[in-house]
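**Q** Sequence unavailable; structure follows:
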(Lines give C-alpha, C1' and ligand atoms only; values in the text may rest on other atoms or scores of the structure.)
Protein backbone atom coordinates (compact mmCIF):
# COMPACT_ATOMS: atom_id res chain seq x y z
CA UNK A 1 0.00 0.00 0.00
CA UNK A 2 1.09 3.55 -0.61
CA UNK A 3 -0.31 7.02 -0.12
CA UNK A 4 -2.49 8.39 -2.92
CA UNK A 5 -0.11 11.38 -2.92
CA UNK A 6 2.90 9.14 -3.71
CA UNK A 7 3.46 9.31 -7.48
CA UNK A 8 6.34 6.79 -7.41
CA UNK A 9 6.02 3.30 -8.86
CA UNK A 10 7.36 0.32 -6.89
CA UNK A 11 8.27 -3.20 -7.94
CA UNK A 12 9.61 -5.96 -5.67
CA UNK A 13 11.72 -8.72 -7.22
CA UNK A 14 13.70 -11.74 -6.12
CA UNK A 15 16.70 -12.41 -8.36
CA UNK A 16 17.80 -15.92 -9.35
CA UNK A 17 20.55 -15.76 -6.72
CA UNK A 18 17.94 -15.08 -3.99
CA UNK A 19 18.69 -11.36 -3.61
CA UNK A 20 15.58 -9.35 -2.85
CA UNK A 21 15.29 -6.07 -4.76
CA UNK A 22 12.93 -3.12 -4.45
CA UNK A 23 12.77 -0.82 -7.46
CA UNK A 24 11.29 2.63 -6.99
CA UNK A 25 10.66 4.87 -9.97
CA UNK A 26 9.89 8.54 -9.49
CA UNK A 27 8.65 10.31 -12.63
CA UNK A 28 9.67 13.66 -11.09
CA UNK A 29 13.26 12.63 -10.30
CA UNK A 30 16.21 14.16 -12.10
CA UNK A 31 18.74 11.60 -10.87
CA UNK A 32 18.95 7.91 -9.98
CA UNK A 33 20.29 6.06 -6.95
CA UNK A 34 20.99 2.52 -5.83
CA UNK A 35 21.66 1.03 -2.41
CA UNK A 36 22.63 -2.49 -1.33
CA UNK A 37 22.84 -4.14 2.06
CA UNK A 38 24.13 -7.69 2.36
CA UNK A 39 22.97 -7.99 6.00
CA UNK A 40 26.36 -9.13 7.29
CA UNK A 41 29.20 -7.40 9.05
CA UNK A 42 32.63 -8.17 10.36
CA UNK A 43 31.16 -10.00 13.37
CA UNK A 44 30.15 -12.62 10.75
CA UNK A 45 33.76 -13.17 9.64
CA UNK A 46 34.97 -16.75 10.19
CA UNK A 47 37.57 -16.95 12.98
CA UNK A 48 40.21 -18.12 10.50
CA UNK A 49 39.44 -15.25 8.04
CA UNK A 50 39.27 -12.00 10.01
CA UNK A 51 38.62 -9.04 7.72
CA UNK A 52 36.67 -11.06 5.14
CA UNK A 53 33.65 -8.70 5.12
CA UNK A 54 35.85 -5.66 4.59
CA UNK A 55 37.86 -7.49 1.91
CA UNK A 56 34.66 -8.38 0.02
CA UNK A 57 33.52 -4.75 0.23
CA UNK A 58 36.71 -3.64 -1.52
CA UNK A 59 36.41 -6.39 -4.13
CA UNK A 60 33.26 -4.65 -5.39
CA UNK A 61 35.41 -1.86 -6.83
CA UNK A 62 38.16 -3.89 -8.50
CA UNK A 63 36.38 -4.62 -11.77
CA UNK A 64 33.60 -6.56 -13.47
CA UNK A 65 33.03 -8.07 -16.89
CA UNK A 66 31.55 -4.78 -18.14
CA UNK A 67 34.10 -2.59 -16.31
CA UNK A 68 37.20 -4.81 -16.22
CA UNK A 69 39.82 -2.24 -15.25
CA UNK A 70 40.21 -1.24 -11.61
CA UNK A 71 38.19 1.91 -10.88
CA UNK A 72 36.66 1.96 -14.39
CA UNK A 73 33.12 1.88 -12.96
CA UNK A 74 33.99 4.79 -10.65
CA UNK A 75 35.31 6.70 -13.67
CA UNK A 76 32.03 5.98 -15.50
CA UNK A 77 30.00 7.23 -12.52
CA UNK A 78 32.11 10.37 -12.15
CA UNK A 79 31.82 11.15 -15.86
CA UNK A 80 28.04 10.96 -15.45
CA UNK A 81 27.83 13.06 -12.25
CA UNK A 82 27.60 9.97 -10.06
CA UNK A 83 29.46 8.63 -7.07
CA UNK A 84 29.91 5.46 -5.05
CA UNK A 85 30.61 4.58 -1.45
CA UNK A 86 30.73 1.49 0.74
CA UNK A 87 31.34 0.66 4.38
CA UNK A 88 31.56 -2.32 6.70
CA UNK A 89 30.07 -2.36 10.18
CA UNK A 90 30.11 -4.86 13.04
CA UNK A 91 26.73 -6.32 12.11
CA UNK A 92 24.17 -5.56 9.46
CA UNK A 93 22.30 -2.33 10.01
CA UNK A 94 18.77 -3.13 11.13
CA UNK A 95 17.70 -0.06 13.04
CA UNK A 96 19.27 -1.25 16.28
CA UNK A 97 17.57 -4.62 16.57
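**A** Received it, and whenever you're ready, just let me know what you need. These figures come from a predicted structure and were not determined experimentally.

**Q** Please verify my assumption that residue 9 contacts residue 25.
**A** Yes - between residue 9 and residue 25 there is a contact under Cβ atoms under 8 Å: 4.4 Å. Backbone N, C-alpha and C define where each C-beta goes, glycine included.

**Q** Which pLDDT value does the model give the residue most central in space within the chain?
**A** For the chain, the residue nearest the mean C-alpha position is residue 36 (2.4 Å; Cα atoms, centre = their mean). On pLDDT, residue 36 comes in at 76.

**Q** Same check on residue 26?
**A** Reported pLDDT for residue 26: 92.

**Q** Do I have it right that it meets residue 32?
**A** No - Residue 26 is not in contact with residue 32 according to Cβ under 8 Å; the separation is 9.2 Å.

**Q** So for those two, which sits in the more crowded spot?
**A** residue 26 (12 against 9; other Cβ atoms under 10 Å).

**Q** how close does the nearest residue to that one once chain neighbours are set aside sit to residue 27?
**A** Nearest in space to residue 26, with sequence neighbours left out and distances taken as Cβ to Cβ, 6 or more residues apart in numbering, is residue 8 at 4.7 Å. Distance, residue 8 to residue 27, using Cβ to Cβ, to the nearest Å: 8 Å.

**Q** Same drill for those two, tell me which one is more crowded.
**A** Just comparing residue 8 and residue 27: by other Cβ under 10 Å the higher neighbour count belongs to residue 8, 13 against 7.

**Q** which ones are touching the more buried one?
**A** Residues in contact with residue 8 (Cβ atoms under 8 Å, 6 or more residues apart in numbering) are 2, 24-27.
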